[in-house]
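A.B. asks: heads up, no residue letters with this:
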């Protein structure tokens, strides 16, 4: 069974309204990484296929030191999968990473959990636990989904494998929408194999706890709203109608920055 409200709450918790800065700050132009230790750490973690827990702080006080030790303890426990870097937002040389994630006015101390692809998968402010840090890891498909949403893109999440029925029929509308110049450049298609053990936690969060016998397609718009779910076959007209009715002012197309009036 698919629980729309449950997944909507999950997405908002991860990618929506994390702080006052717009999500476009994630992809803002940044200074050369050689001048910025934080951005260099992001690159190193990505190249090593590791998560990076970025620990931002404003002042060196007892709470900062306590929370910093928690982050170190958690990343030491998961050292094969994760690294950490501590960043003072008052350090001028770290202005690049502070600006990139829009955290200058965020509550401190703050931890951002970054997947290897750069997606923010979790954030913790002020007080948090070691277990919360260790629970931040998500499945490969969820990493990809969050990255697309944080780039302001529409996502068609296609849940199917060799054992599900109507796979080709489910992809008909997906392929047609993706090939339409009004929508294709602003839309990502993400395939999820429900038979992969690594994806089970993600599918469980989606409410898909029963065996998936028939292909499922979800349409998800930034910051994380599921605006349509389709079991079995899809067609482009159905997908376009769902998109235009769900997004106020979307008109007849989507631009790269999100839904808008198409050309």
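C.D. replies: Received the coordinates, thanks. Just so we're clear, the structure is a prediction, and the values are computed from it rather than from any experiment.
A.B. asks: Test my guess that residue 51 contacts residue 115.
C.D. replies: Yes - assessed by Cβ atoms under 8 Å, residue 51 is found in contact with residue 115 at 6.1 Å. C-beta here means a position set from N, CA and C on the backbone, and glycine is covered the same way.
A.B. asks: where do the contact lists of the two overlap?
C.D. replies: residue 121 (Cβ atoms under 8 Å, 6 or more residues apart in numbering).
A.B. asks: which is the next helix or strand following whichever strand or helix holds residue 175?
C.D. replies: Using DSSP states H and E, residue 175 sits in helix 167-179. Moving toward the C-terminus from helix 167-179, the first helix or strand encountered (DSSP H and E) is strand 187-192.
A.B. asks: Return the list of helices and strands in contact with that next one.
C.D. replies: When contacts are defined as 3 or more Cβ pairs under 8 Å, 6 or more residues apart in numbering; DSSP states H and E, strand 187-192 sits against helix 140-150, strand 154-159, helix 167-179.
A.B. asks: For the second one, give the mean pLDDT please.
C.D. replies: Confidence over strand 154-159 (mean pLDDT, whole number) is 97.
A.B. asks: what does it contact?
C.D. replies: 141, 145, 148-149, 170-171, 174, 177-178, 183, 186-192, 194, 203, 208, 212, 215-222, 239, 243, 254, 259.
A.B. asks: The helix holding residue 175 vs strand 154-159, what angle?
C.D. replies: Here the directions of helix 167-179 and strand 154-159 differ by 170 degrees (axes from the mean of the first three to the mean of the last three Cα atoms, to 10 degrees).
A.B. asks: Identify the residues contacting helix 167-179?
C.D. replies: So helix 167-179 is contacted by 156, 158, 160-161, 183-184, 187, 189, 215-217, 230, 232-240 (Cβ under 8 Å, 6+ apart).
A.B. asks: Now do the buried residues in that helix.
C.D. replies: The neighbour-count check on helix 167-179 (16 or more other Cβ atoms under 10 Å) flags 170, 171, 173, 174, 176, 177, 178 as buried.
A.B. asks: That one to strand 187-192, inter-axis angle?
C.D. replies: Using the same axes, to 10 degrees: helix 167-179 against strand 187-192 is 160 degrees.
A.B. asks: Okay, now the unreliable bits of the stretch 101-250 of the chain?
C.D. replies: 247-250 (pLDDT under 70).
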